[in-house]
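1. Next comes the sequence, and after it the predicted model I'd like to discuss.
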Amino acid sequence: MALAGLSRSALPELRPMSVKSVKATKTHFRWLCALLLSFCYELPIIEISSMDRANPRLFDFVALWGVYLIVFKNHNLNFGLSNPVLRAWTYLVVWFSVCAFVWAALWFPWGPAGKFSVYFALKYIEGLICVYLVAAIPLSSEQKSTLHKLVIVGGVVVALYAVFERLTGSAVRYVTEGKEIRRAVGTVFSCLGPTYFHVATFSATAFGMTLALANKFRTPMKKLLLVLLALFVAWPALASGSRTGFGMFLIIGASALLFLNRSRLTLILVAVSLSLAAFVFVGSDELIDKAIEISPTIERVVNFESGSGFNSFSARMRLGQRTYEIFSGDTYQWQGWRLPIFGGGFYAVPQGSAYNYRVGFGFHNGYVFPYEQAGWLGVLLSAIFLFRTVKYVRKSLRFKDDADRQFAVGVWCVLIAYIPALWVGQIFWHGFGTENMNSFLILLVVLAIKPSTPKYPLPQANPQSYR
């Protein structure tokens, strides 16, 4: 009754309910953007050592920035282990670190091999810190979409650098003072590590993430432009000389087609993909010769049954025979009882004798590699990690938010290509000249299963004083 005498203009003006979502602060989001972009440039920033691995990359500086954010700019972030993939990865990194320090302290007596073991353990820990921060930072749908696009930007950067590299015609990569790496003529490393497998996996990953955005656009022309962009992003994988990269390209492309809205474009893409596969295997000699001249990768695919290429490929495919060699052959007898418990020497596995080290390398099968490095417990923890990765990325395909679903589709297409590729190469593990590619993949998986924060309504009022 007391309000009856007041005019309507004297009451507070209530505006319609607005929608707001919890999202990363500007500082945290800038760090996330810098982190994703750091993976597309893996050349040393400064040269402080003749050992190339010790020279810091862009990722190392961004990781230090991340530590600063954790210590000084926390803003009540939740650093729990609610993310099931992160939890499995944490357990695996902890055990890897235990094996590294045990070998370095007891059997490598802090010599060169022991230092390498500790170095690679610290690389896993460095990546884990970044993963924790990524999992703890809330993201809005718009921010998730921006991160997706930045992955594509990274692919474009690598592709453009590869174009420049191809045009210059140089087949030599300067590493450190007095050290160079000569790559096969016509192949590219781009601005990544000094191995064709790094550029092959990175470009294939960016290819899948680019195709995953196709459903964002409704018109066939925009979809076609995005597919053309995806092919440009993928071209370094086809020019790297990696047969695994070529296989991943085909699997990712075929998988992405399943998620495209059915249209004429889909039929065109299917036809192009089938034509490409048929061309490689049953095409005319003239066309194949021209393709071989253009792409070293196609040359290795077409001629993989001759020369050393076939020996390399078939040796990795003989999993049973090679696994038997690990368990009972002469190669690892020096380690004795230590092999099934702590591995053969973390990232410094000696073969045949205690002094014949293979530093930074290992068995060329991603499923057996954890046993060689960390024993049976390493195999169990890596299997749990891979199983959870497949399980929860697949569940993420049902996200209702468009940005979440598109990101998950990209990671899923990449993942199902990586599962068979693990048979013949290294994907989720550090080393083999792939720099920080391992951390990049783990971060994409964590982002894929991390939904953007839901939007909730907030009343907005424009209170006015009573007259």
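-> Everything's here; your move.
2. Surely residue 410 touches residue 207?
-> No - Residue 410 is beyond contact range of residue 207, at 9.3 Å (criterion: C-beta atoms under 8 Å). (Glycine included, C-beta is placed from N, CA and C.)
3. in what helix or strand does residue 43 lie?
-> Using DSSP states H and E, residue 43 is not contained in any helix or strand.
4. what's the nearest residue to it if we skip its chain neighbours?
-> Leaving aside its sequence neighbours, residue 43 sits nearest to residue 191 (C-beta to C-beta, 6 or more residues apart in numbering; 5.5 Å).
5. Identify the residues contacting that neighbour.
-> By C-beta atoms under 8 Å, 6 or more residues apart in numbering, the contact list for residue 191 reads 40, 41, 42, 43, 157, 158, 161.
6. what does residue 372 give?
-> By C-beta under 8 Å, 6+ apart, the neighbours of residue 372 are 326, 332, 339, 343, 344, 349, 362, 363.
7. want to throw those into JSON lines with secondary structure, pLDDT and neighbour count?
-> Compiled in JSON lines, the contacts of residue 372 are given as follows (DSSP: H, G, I helix; E, B strand; the rest coil; pLDDT from 0 to 100; neighbours: other C-beta atoms under 10 Å):
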{"residue": "326", "secondary structure": "helix", "pLDDT": "56", "neighbour count": "16"}
{"residue": "332", "secondary structure": "helix", "pLDDT": "72", "neighbour count": "22"}
{"residue": "339", "secondary structure": "helix", "pLDDT": "86", "neighbour count": "20"}
{"residue": "343", "secondary structure": "coil", "pLDDT": "89", "neighbour count": "31"}
{"residue": "344", "secondary structure": "coil", "pLDDT": "86", "neighbour count": "26"}
{"residue": "349", "secondary structure": "strand", "pLDDT": "83", "neighbour count": "26"}
{"residue": "362", "secondary structure": "coil", "pLDDT": "75", "neighbour count": "24"}
{"residue": "363", "secondary structure": "coil", "pLDDT": "77", "neighbour count": "23"}
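8. buried residues in the host helix or strand of residue 149?
-> According to DSSP H and E, residue 149 maps onto helix 141-168. Under the neighbour-count criterion of 16 or more other C-beta atoms under 10 Å, helix 141-168 has 141, 143-148, 150-152, 154-155, 157-159, 161-163, 165-166 buried.
9. Which secondary structure elements does that helix sit against?
-> helix 26-38, helix 196-211, helix 220-239, helix 402-421, helix 437-448 (3 or more C-beta pairs under 8 Å, 6 or more residues apart in numbering; DSSP states H and E).
10. And the pLDDT for residue 201?
-> The score at residue 201 is 92. That number is its pLDDT.
11. Show the low-confidence segments of the protein, by residue range.
-> 1-21, 109-110, 169-178, 182-186, 260-331, 351-357, 360, 455-467 (pLDDT under 70).
12. neighbours of residue 366, just the number please.
-> Number of residues near residue 366 (other C-beta atoms under 10 Å) recorded here: 21.
13. got a list of what it touches?
-> Counted by C-beta under 8 Å, 6+ apart, residue 366 has contacts 421, 422, 423, 425, 426, 427, 428, 429.
14. quick revisit: distance to residue 98 for the contacts of residue 191 - can I get that in TSV?
-> Output for the contacts of residue 191, formatted as TSV (distance: C-beta to C-beta, whole Å):
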residue	distance to residue 98
40	33
41	32
42	28
43	32
157	37
158	35
161	38
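15. of the residues you listed, closest to residue 393?
-> Nearest to residue 393 out of the contacts of residue 191 is residue 40 (C-beta to C-beta; 22.1 Å).
16. ok, the closest one - how many residues close by?
-> 23.
17. ditto for residue 217
-> Neighbour count for residue 217, taken as other C-beta under 10 Å: 14.
18. State the distance from the residue nearest to it when sequence neighbours are not counted to residue 414.
-> The shortest distance from residue 217 to any non-neighbouring residue, by C-beta to C-beta, 6+ apart, is to residue 223 (5.3 Å). Distance of residue 223 to residue 414, computed by C-beta to C-beta, to the nearest Å: 20 Å.
19. Looking at these two, which one has more neighbours?
-> Using other C-beta under 10 Å, the more surrounded residue of residue 223 and residue 414 is residue 414, with 29 against 22.
20. returning to what we had before: residue 410 and residue 207 - which one has more neighbours?
-> Neighbour totals were compared for residue 410 and residue 207, and residue 207 leads with 33 against 27 (other C-beta under 10 Å).
21. could you pull out the helices for the stretch 51-200 of the chain?
-> Under the criterion DSSP state H, counting those that start in this stretch, helices of the stretch 51-200 of the chain are mapped to 58-72, 84-102, 112-136, 141-168, 196-211.
22. Check those helices for me and report the most buried one.
-> With neighbours taken as mean count of other C-beta atoms under 10 Å, these reach their highest mean count in helix 196-211, at a mean of 29.
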